[in-house]
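Chemist: Coordinates for the following, if possible.
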Amino acid sequence: MTYVEGFVLAVPTANREAYRKHAADAAPLFREFGVSRMVECWGDDVPDGKVNDFKSAVQAKPDETVVFSWFEYPDRATRDAATTKMMSDPRMAAMGGEMPFDGKRMIIGGFESIVDDRGAKEAIGGATGYVDGFVVPVPDGNKEAYRAMAEKASEVFRDYGATRVVEAWGDDVPDGKVTDYSRAAHRQDGETVVFSWIEWPSREARVAAWDRIMADDRMKHDPNDQTFDGKRMIYGGFAPIVEA
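Modeler: As a prediction, this is how the structure comes out:
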């Protein structure tokens, strides 16, 4: 299944266009290295959390916006080969010296997809209009239970208009010096971080669907279900600014 490299970072809000151009200009290079799809999403509806949230995950400042983005590869081997090429290519070094954000606070990791469902009515080749992004820690022993639960939820999301649902299990998620996924999700020993998203045709479609999704009997939560700790799940709504 699809291998995902997921990123979360903070960008000065005033640098939105500079960041978009930086990412768009880099897209052909990433494609050359083997990235099959690249999506960059600008924070639009990113709430504060009681325990953790996307803003604290990247230590976002008041004048910064959270970006949620990912690369897709056909498999980990392709991703690993691409990473080697990126590290040695002088064009990447030049790009690194011109980043319109603080790269030290960017969190990055490799994830193996365990759910990748597409809506029956998705227009082939159509651009993504809106994204709900999630990061959540899951006990290692609950991987299969989480996958099964995610598949059931995916059916509901797609019934109400979502065009794609991806759940990706942490596979190569390094510790960082300043920020990382483990700290973002308050991961405990024996847990793995999951990086996931829902794609929608538009923000309006997502807003119209959400109340109906939450009211659907299939989404009712069993208080005895301990598949994961929902209090440590971070989430937000994001508007794509680059899709290549």
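Chemist: Just to check, residue 232 is in contact with residue 51?
Modeler: Yes. Here residue 232 reaches residue 51: they are 5.7 Å apart, a contact under CB atoms under 8 Å. In this view, the C-beta of every residue, glycine as well, is placed from N, C-alpha and C.
Chemist: Pull the residues that contact the worst-scoring helix or strand of the chain on mean pLDDT.
Modeler: Of all helical and strand segments in the chain, the minimum by mean pLDDT, DSSP states H and E falls on helix 90-96, at a mean of 84. Residues outside helix 90-96 that contact it (CB atoms under 8 Å, 6 or more residues apart in numbering): 22, 26, 29, 86, 103.
Chemist: Just give me the least confident of the residues you listed.
Modeler: Within the set of these, pLDDT is lowest for residue 86 (91).
Chemist: any idea how far the residue nearest to it when sequence neighbours are not counted is from residue 98?
Modeler: Spatial nearest neighbour of residue 86, excluding adjacent residues (CB to CB, 6 or more residues apart in numbering): residue 92 at 5.0 Å. Residue 92 sits 11 Å away from residue 98, going by CB to CB, to the nearest Å.
Chemist: Which one's more surrounded, the two?
Modeler: The residue with more neighbours, out of residue 92 and residue 98, is residue 92; 15 against 9, by other CB atoms under 10 Å.
Chemist: Please report how far the more buried one lies from residue 155.
Modeler: When residue 92 is compared with residue 155 (using CB to CB), they lie 40 Å apart.
Chemist: what do you get for residue 135?
Modeler: Taken as CB to CB, the span from residue 135 to residue 155 is 22 Å.
Chemist: Looking at these two now, which is surrounded by more residues?
Modeler: Neighbours around residue 135 and residue 155, counted as other CB under 10 Å, are more numerous at residue 135. The numbers are 28 against 12.
Chemist: give me the element the more buried one is part of.
Modeler: Assigned by DSSP states H and E, residue 135 belongs to strand 130-139.
Chemist: Then residue 48?
Modeler: With DSSP H and E as the test, residue 48 turns up in no helix or strand.
Chemist: Quick one: mean pLDDT over stretch 218-232.
Modeler: Averaged over stretch 218-232, pLDDT sits at 87.
Chemist: What is the burial count for the residue lying closest to residue 14 once chain neighbours are set aside?
Modeler: Of all residues not flanking residue 14 in the chain, residue 63 sits nearest, at 7.2 Å (CB to CB, 6+ apart). Here the number of neighbours of residue 63 (other CB under 10 Å) works out to 10.
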